[in-house]
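Participant: Here you go, sequence then predicted model.
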There are 2 protein chains.
Amino acid sequence: KPKDNNKPKEAISSTQSNHALSQQQLLYTTDPTSPGSIFFLPHGTRIFNKLIQFMKNQQTKYGFQEVVTPLIYKTKLWKQSGHWDNYKEDMFKVLGNDQSRDDELAVEPCGSHHVHEEEFHEYGLKPMNCPGHCMIFAKFERSYNELPIRYSDFSSLHRNEASGALSGLTRVRRFHQDDGHIFCELSQIDQEIKNTINLIKDTYGVFGIGVNDIEFYLSTRPEDKFMGDIETWNVAEQQLKNVLNSTTDKWEIREGDGAFYGPKIDVLLTDAFKKKHQVGTIQLDFQLPSRFELKYISQDGTRTNRPILVHRAVFGSLERFFAILLDHYQGNWPFWINPRQAVIIPVSSSHHEYAEALQKQLSGDILNSEDIAPITGYHFYVDVDKRDATVGLRIKEAIQKGYSYIIMVGDKDIANGTYAIRTRTDRKITSMTGDAIYQMFISLERQFK
Amino acid sequence: KPKDNNKPKEAISSTQSNHALSQQQLLYTTDPTSPGSIFFLPHGTRIFNKLIQFMKNQQTKYGFQEVVTPLIYKTKLWKQSGHWDNYKEDMFKVLGNDQSRDDELAVEPCGSHHVHEEEFHEYGLKPMNCPGHCMIFAKFERSYNELPIRYSDFSSLHRNEASGALSGLTRVRRFHQDDGHIFCELSQIDQEIKNTINLIKDTYGVFGIGVNDIEFYLSTRPEDKFMGDIETWNVAEQQLKNVLNSTTDKWEIREGDGAFYGPKIDVLLTDAFKKKHQVGTIQLDFQLPSRFELKYISQDGTRTNRPILVHRAVFGSLERFFAILLDHYQGNWPFWINPRQAVIIPVSSSHHEYAEALQKQLSGDILNSEDIAPITGYHFYVDVDKRDATVGLRIKEAIQKGYSYIIMVGDKDIANGTYAIRTRTDRKITSMTGDAIYQMFISLERQFK
Ligand SMILES: [Zn+2]
Ligand SMILES: [Zn+2]
């Protein structure tokens, strides 16, 4: 029950529409005590977690290994990575108390209420995961036969956007990316980019976002200022072009628009309000491996080979992708990602036990069980609405709340050993056993329906 | 291949033993650029994620709802929560750039390199999740029939421990808790605490930590300074005592040792080195609900009822629990939590395809598949060791690396449609079909073996 319980008005922008849907379905909220950070409410968290779990499994398929890396790093690291020079204004600075300061960073307070600004900037709150991943690469001796090494990370990231720019889920200060970094040889770029574009197309396809709403832009070497040798740029760009030609009809070149440290591919989606969002990115990087002195041993035994780094994300910001999905589905979530997959409505209290037996089964033996909950298997979000209200009213509310399936239990169902099930959109009621419903749910999830 | 590839020496402390095991199994690492923050390497991340997934499902069983809450909050919030007065020294301060500053926090630089310290402290990096959860509670009108409301959160937490105190996984600055907050009525304390103690015993039991290595301590109302009325304290303490009596033989009272804002139960484990660790906690809190002006509507319609807040954690710090498990198992992970569950060794390259078919099946159709990876189902960590080395050498190395199962594939196996499987500890080889192996793995996982 939100305090401000207005029905959603006709949406005039995607942000406004998102807020209205979120209020109705209790998905997320915000607060002035943390501007630009989203509070995901329980049902929003379910969607958020499903997106992450989906991507973790896709990344496993493509050989990524998940890591967990720190959120704060000493200023020294950000100087090494180059973020201090180029990105300082967009980073939050973090300050420990005196005891935490390293000896080399001596503190010289010059008055009881004053300290040097520089001394305060002991740490930066990370805006990206790349430096942490480079450090893991550098911690061990690496050989050519380990490459490509692919790290993924779903960590919180913070960027200090101006408060005027903050807007719902799409412009935030704290967000999560399906971030991944590939360390590879020049000759491996081709296959890695091909995999990434396939993953992008597969992923958007799962959400029903058609190929026609996806655009790819290749940004190439800037004329004047760039690092590395032209030969490497040419080989890399040719590989990117070949991959784009073989995987998509819908790509354009942005000549000279690449970063000075490498060419990139931007992936844009058009949302239901005809607004374009940048979602996926594929950024080649000839610079960070050099700043972190990354090297590997080649087949001939030389020890000073530099890997190429590829930054890539498919969803991009999970918060923004969430917003796009809100627009796209307008709250009518498909079953597999719906935070309210089914509700069971027992006609009266004599049917509660039978209802809870089904809830136990559909929850994958987690709910209503004396046993320790199993760690995997198929779990669905199923509630039992035991309120003392008419079946009609409870069905009506279940439809409003967006449950995919509504399951009714009365005397006849118990006598038959079945349940009466319908969808939120179709009044037609079918009798099914608990096993049959569970198998149907598993099948829907496996088809991403 | 770690650069410093020493065999683990005889451990003289748990920290030293943890580092040696981690080095051998590549579980985690640290770096001076982020003192007290753990980098979980891919195989350590697998264990970390399993612990979280295990706890998420247990918490679902007990009615918790997961939320995702911000990491940084304005100083104002920490003043409201009381952390600014009592916990300031242990918090990291976070500073945005000028544009991000709220108007009410006007900046008055008093020299090009100087600013008032207070103005820098725009945010605190959260040391606990409670204020965020209280804010979610307060965002909506709450009714007695919604209680208990239980939120869980696995967010990163930061505490500014002095650098001298930092030690491996057990004393860190950044950590994760299986944090949960229960908002309930006084009469519901009994059932909630009973559930929590059952969950604690179930959880530790799953890891083979016997009841004899678990101690419970009840800390009661301090003599002098406490908040709330004595009657509430007495009822709450009596409930805690009743629950402890009914659930465990091994508890002691610490008379007068409770926090001023509520009684608590500490849960201590004894590790393999006879060192005690505080893991679980159950802390009643009569203060935060009042500081955040939390209220709910009771059955008789009064709108100003204060819920009681229970802070509880079962693992406590996941990093510390990870350390305890490292000690406990000494790297011999049981199958269900092993980051290296099985390795398949094809005798020669003609057996690769057959090996990969099994890898596909055991990975839950994620690896070696053209299809989009399924989101749930049973997935196991299975590698194929295709190196051109003798079977004997590959088996030996697989044992050293700690794989639970070693599966060999040769001509005879392919002819029979089976695989030759053994454990890391027993040389006995059994022939099994792929289906039978997959079912065995599922069964092991479901039994937490
Ligand atoms: Zn990156
Ligand atoms: Zn708490």
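Facilitator: Structure received. Ligands and ions are numbered 1, 2, ... in the order given.

Participant: So which residue is smack in the middle of chain A?
Facilitator: A centroid search over chain A (Cα atoms, centre = their mean) returns residue A:318, at 3.4 Å, as the residue closest to the centre.

Participant: Let me know the pLDDT of the residue of the stretch 51-200 of chain A found nearest ligand 2.
Facilitator: For the stretch 51-200 of chain A, the residue positioned closest to ligand 2 under Cβ to the ion is residue A:156, at a distance of 19.1 Å. To be clear about C-beta, it is placed using only N, CA and C from the backbone, and glycine gets the same treatment. With respect to pLDDT, residue A:156 scores 96.

Participant: The helix or strand containing residue A:394 packs against which elements?
Facilitator: Take DSSP states H and E as the rule and residue A:394 turns out to sit in helix A:391-401. Applying 3 or more Cβ pairs under 8 Å, 6 or more residues apart in numbering or on different chains; DSSP states H and E, one finds that helix A:391-401 makes contact with strand A:342-346, strand A:405-409.

Participant: Next, the distance between the ends of stretch A:74-86.
Facilitator: Start-to-end span of stretch A:74-86 (Cα to Cα, to the nearest Å) is 16 Å.

Participant: on that earlier part again, could you say which of the helices and strands packed on helix A:391-401 is packed most deeply?
Facilitator: By mean neighbour count, with neighbours taken as mean count of other Cβ atoms under 10 Å in any protein chain shown, strand A:342-346 ranks first of the helices and strands packed on helix A:391-401 at a mean of 26.

Participant: Quick check: mean pLDDT of that strand?
Facilitator: The average pLDDT within strand A:342-346 is 98.

Participant: Mind checking what helix or strand follows that strand in sequence?
Facilitator: Using DSSP H and E, the helix or strand that follows strand A:342-346 in sequence is helix A:352-362.

Participant: dump the residue contacts of residue A:44.
Facilitator: The neighbours of residue A:44, taking Cβ atoms under 8 Å, 6 or more residues apart in numbering or on different chains as the test, are A:22, A:26-28, A:322, A:339, B:68.

Participant: List the ones among these that fall in helices.
Facilitator: Counting by DSSP state H, the part of the contacts of residue A:44 found in helices is A:22, A:322.

Participant: CSV please, covering the contacts of residue A:44 and showing neighbour count, distance to residue B:185 and pLDDT.
Facilitator: Converted to CSV, those look like this (neighbours: other Cβ atoms under 10 Å in any protein chain shown; distance: Cβ to Cβ, whole Å; pLDDT from 0 to 100):
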residue, neighbour count, distance to residue B:185, pLDDT
A:22, 26, 29, 84
A:26, 17, 22, 94
A:27, 25, 28, 96
A:28, 26, 28, 95
A:322, 25, 34, 95
A:339, 22, 27, 98
B:68, 24, 27, 98
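
Participant: What is the nearest of the contacts of residue A:44 to ligand 1?
Facilitator: In terms of Cβ to the ion, no member of the contacts of residue A:44 lies closer to ligand 1 than residue A:322, at 20.9 Å.

Participant: Skip the chain neighbours and tell me the closest residue to that closest one.
Facilitator: In this structure, residue A:322 finds its nearest non-sequential neighbour in residue A:169, 5.6 Å apart by Cβ to Cβ, 6 or more residues apart in numbering or on different chains.

Participant: And residue A:416, by the same measure?
Facilitator: On the basis of Cβ to Cβ, 6+ apart, the spatially nearest residue to residue A:416 that is not a chain neighbour turns out to be residue A:431, at 6.6 Å.

Participant: gap between that neighbour and residue A:390?
Facilitator: Distance from residue A:431 to residue A:390, counting by Cβ to Cβ, to the nearest Å: 21 Å.

Participant: One more: residue A:129?
Facilitator: Taking Cβ to Cβ as the criterion, residue A:129 is separated from residue A:390 by 53 Å.

Participant: Repeat that for residue A:334.
Facilitator: When distance is defined by Cβ to Cβ, residue A:334 is 29 Å away from residue A:390.

Participant: Show me which of the two is the more surrounded one.
Facilitator: With neighbours defined as other Cβ atoms under 10 Å in any protein chain shown, residue A:334 and residue A:390 compare such that residue A:334 has more, 17 against 11.

Participant: can you pull the pLDDT of residue A:169?
Facilitator: Here, the pLDDT recorded for residue A:169 equals 85.

Participant: actually residue A:110, sorry about that
Facilitator: In this model, residue A:110 is scored at 39, pLDDT.

Participant: Check residue A:376 too.
Facilitator: At residue A:376, the pLDDT value in this model is 87.

Participant: Quick check: closest non-adjacent residue to residue A:410.
Facilitator: Counting by Cβ to Cβ, 6+ apart, residue A:410 lies nearest to residue A:347, which is 4.1 Å off, once chain neighbours are set aside.

Participant: that older thread, using JSON lines, lay out the helices and strands packed on helix A:391-401 together with distance to residue A:268.
Facilitator: Converted to JSON lines, the helices and strands packed on helix A:391-401 look like this (distance: least, Cβ to Cβ, whole Å):
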{"stretch": "strand A:342-346", "distance to residue A:268": "36"}
{"stretch": "strand A:405-409", "distance to residue A:268": "35"}
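
Participant: Looking at these, spot the one closest to ligand 1.
Facilitator: Ranking the helices and strands packed on helix A:391-401 by proximity to ligand 1 (Cβ to the ion) places strand A:342-346 first, at 39.6 Å.

Participant: Sheet partners, orientation included, of that closest one?
Facilitator: In its sheet, strand A:342-346 lies beside strand A:382-384 (parallel), strand A:405-409 (parallel), with partners assigned from DSSP bridges.

Participant: export those to CSV and tack on mean pLDDT and distance to residue A:76?
Facilitator: CSV is the format used below for those (pLDDT from 0 to 100; distance: least, Cβ to Cβ, whole Å):
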stretch, mean pLDDT, distance to residue A:76
strand A:382-384, 98, 51
strand A:405-409, 98, 55
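
Participant: and ligand 2, which of those strands is closest to it?
Facilitator: That would be strand A:382-384 among the strands paired with strand A:342-346, by Cβ to the ion, at 26.9 Å.
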